[in-house]
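Undergrad: got a structure for you, letters missing:
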């Protein structure tokens, strides 16, 4: 529960617009009360701590990928000759639920240089257009081992 209370303390400080020690301590104490009450009422799942870790892992990975993709696209724009190798790649899916699929598609779309094109009716294959493809297998592995694996861990 420590991680949840720390996140609530940071959220409190952000909402207050004040990251002073007193604001963080106040947020932490309020977070302790909230987590305690939610735990008592059976609202928090048993795996709350691992879900928070999974969410933080996904957010950190996404931010890193976002930074790398922006740099890659910016360098491509600044070069005198384009080095793009666009392609549409079929990616077999392990995620099946609407919320998992929506989050995966949104993260791919938000990342510069990639766009979700379509998903098959049986939800087993996602088609993604990428600007810079080294190989289809590498692109599949990047999405499956990166975004999809972390999304599955978050929703399980």
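TA: Looks like it came in fine. These figures come from a predicted structure and were not determined experimentally.

Undergrad: hang on, residue 115 in a helix?
TA: No. Using DSSP: H, G, I helix; E, B strand; the rest coil, the secondary structure at residue 115 is strand, not a helix.

Undergrad: So which bits of stretch 99-119 are buried?
TA: Within stretch 99-119, the residues that count as buried by 16 or more other C-beta atoms under 10 Å are 100-101, 103-105, 107-108, 111-116, 119. Using the backbone N, CA and C atoms, a C-beta is placed for each residue, glycine as well.

Undergrad: what do you get for stretch 134-141?
TA: In stretch 134-141, counting by 16+ other C-beta under 10 Å, buried: 139-140.

Undergrad: Tell me which stretches of the protein form strands.
TA: For the chain, applying DSSP state E gives strands covering 87-92, 114-119, 125-130.

Undergrad: Could you list the paired strands of the first one along with their orientation?
TA: Read it as strand 87-92. Strand pairing for strand 87-92, using DSSP bridges, gives strand 125-130 (antiparallel).

Undergrad: Which residues does the partner strand contact?
TA: Taking C-beta atoms under 8 Å, 6 or more residues apart in numbering as the criterion, the residues outside strand 125-130 that touch it are 86-93, 101, 104-105, 108, 113-120, 139, 143.
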